[in-house]
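When you get a sec, could you give me coordinates for this:
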Amino acid sequence: MKYKVCWVTLCKNEIDIIPFCADYWKRIADKVIVYDNGSIDGSIEELEKYPFVEVRHFDSNGQNEFIQKAVKEQAYLELKDSYDIIIITDMDEIFYFDDFEALADEFIEGRYNVMSAPIYSLCEDYKPIYEEGKYLHQLCHKFYKQRMNHMKDFDDVAKLSIFNTRVTDKVEMSVGQHFVRTLPDMEILYEDNGFCLHIDKGMGVDYKWKVRQRMYNNLSKENKMFNMCIEYSDSYEKLKNDYLNNQKKSLDINKIFTF
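Sure, this is the predicted structure:
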């Protein structure tokens, strides 16, 4: 591809999803930079298997979202002169497009700041087993269309994560919400020949509960003070009911996107 693409993401004990994510990363990006926040589950060793991945380290130092915001914003400033497109996501947010090279032409030449796409959240009954040559969305069949409500024109688009560095000097991430703030003069390219898959721990109710408990225990005082990620404190019954309700409205994106 004639444009250079870098994907920036954060990691903390994500060993279960890294092999799946890597398949999506290498489909789009030349380089993936993973900022690891003290993983102890083998994530770093797994990431080091991929030649296109660079692992960097940071310490949230008890401030969680505030430090993560700064890491993402600083990474963009550092990398923007070396890449045409920078993608910034959390580890469990992955993009899949039919022909990203063609989209990149439209994105760059049209001088759009941000590209987005429909977002679907995983809500499967089980934890899928990685199969080489198959993407996660080909192994699973239950996804619900997620509503983000952070753009005035669209409420079903992915977090604003794909940036055109030629026309975007900096990004300002929203603390606790992970997406970039929509600036008044920001031009957004909305693409529907692809999607964002939000894994969102959606590999069975019990798996999501286990991960949510771990994440709640890691929340900082600042997170709790400002009620950020307050859903991590939900009871098992509430989480289960929400999960089952999402499954009721789930669909198989393989029947929508056939490429």
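
contacts, neighbours, all on C-alpha from now
OK.

Report whether Pro74 is found in a helix, as I expect.
Small correction: residue 74 is Gln, not Pro. Yes. Assigned with DSSP: H, G, I helix; E, B strand; the rest coil, Gln74 falls within a helix.

so how far is stretch 160-169 off the chain centroid?
Offset of stretch 160-169 from its chain centre (CA atoms, centre = their mean, to the nearest Å): 16 Å.

In PDB, list the C-alpha atoms belonging to it.
Extracted in PDB, the C-alpha atoms of stretch 160-169 (Å, rounded to 0.1, in the frame of the first residue of the first chain):
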ATOM      1  CA  LEU A 160     -13.100   7.700  16.400                       C
ATOM      2  CA  SER A 161      -9.800   5.900  16.000                       C
ATOM      3  CA  ILE A 162      -8.400   6.200  12.400                       C
ATOM      4  CA  PHE A 163      -6.600   9.500  11.800                       C
ATOM      5  CA  ASN A 164      -5.200  11.200   8.700                       C
ATOM      6  CA  THR A 165      -2.000  12.700  10.000                       C
ATOM      7  CA  ARG A 166      -1.700  15.000   7.000                       C
ATOM      8  CA  VAL A 167      -4.600  17.100   8.200                       C
ATOM      9  CA  THR A 168      -4.800  16.300  11.900                       C
ATOM     10  CA  ASP A 169      -2.100  17.900  14.100                       C
END
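
Helix, strand, or coil at Ile94?
Assignment for Ile94 (three-state DSSP): strand.

Is it in contact with Ala22, as I believe?
No. Ile94 sits out of contact with Ala22 when judged by CA atoms under 8 Å, with a separation of 9.4 Å.

Those two: which has the busier surroundings?
Ile94 (23 against 17; other CA atoms under 10 Å).

got the contact list for the more buried one?
By CA atoms under 8 Å, 6 or more residues apart in numbering, the contact list for Ile94 reads 21, 24-25, 196-198.

Any idea what it is bridged to?
With DSSP bridges as the criterion, Ile94 is bridged to Leu197.

Model confidence for it, exactly?
Ile94 is assigned 96 on the pLDDT scale.

how much space between it and Ile199?
Distance of Ile94 to Ile199, given as CA to CA, to the nearest Å: 8 Å.

could you pull out the helices for the stretch 51-200 of the chain?
Using DSSP state H, counting those that start in this stretch, the helices of the stretch 51-200 of the chain run over 65-79, 100-109, 136-139.

I'd like these written out as CSV, with distance to Leu160 added.
As requested, the helices of the stretch 51-200 of the chain are arranged in CSV below (distance: least, CA to CA, whole Å):
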stretch, distance to Leu160
helix 65-79, 13
helix 100-109, 14
helix 136-139, 21
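
Let me have those helices in JSON lines, extended by mean pLDDT.
Converted to JSON lines, the helices of the stretch 51-200 of the chain look like this (pLDDT from 0 to 100):
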{"stretch": "helix 65-79", "mean pLDDT": "90"}
{"stretch": "helix 100-109", "mean pLDDT": "96"}
{"stretch": "helix 136-139", "mean pLDDT": "96"}
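
looking at these, which is closest to Asn217?
Comparison of these against Asn217 by CA to CA identifies helix 65-79 as nearest, at 14.2 Å.

Helix or strand: which one has Arg212?
helix 205-218 (DSSP states H and E).

helices and strands around that helix, which ones?
If you count contacts as 3 or more CA pairs under 8 Å, 6 or more residues apart in numbering; DSSP states H and E, helix 205-218 packs onto helix 236-248.

and the closest residue to Tyr236 other than its chain neighbours, how many neighbours?
In space, and not counting its chain neighbours, Tyr236 is closest to Trp209: 6.7 Å by CA to CA, 6 or more residues apart in numbering. Trp209 sits with 20 neighbouring residues when counted by other CA under 10 Å.

Wait, Trp209 touches Leu239, no?
Yes. Counting by CA under 8 Å, Trp209 does reach Leu239; the two are 7.3 Å apart.

what's the distance between Arg147 and Asn254?
According to CA to CA, Arg147 and Asn254 sit 20 Å apart.

Likewise for Phe20?
Relative to Asn254, Phe20 is positioned 16 Å away (CA to CA).
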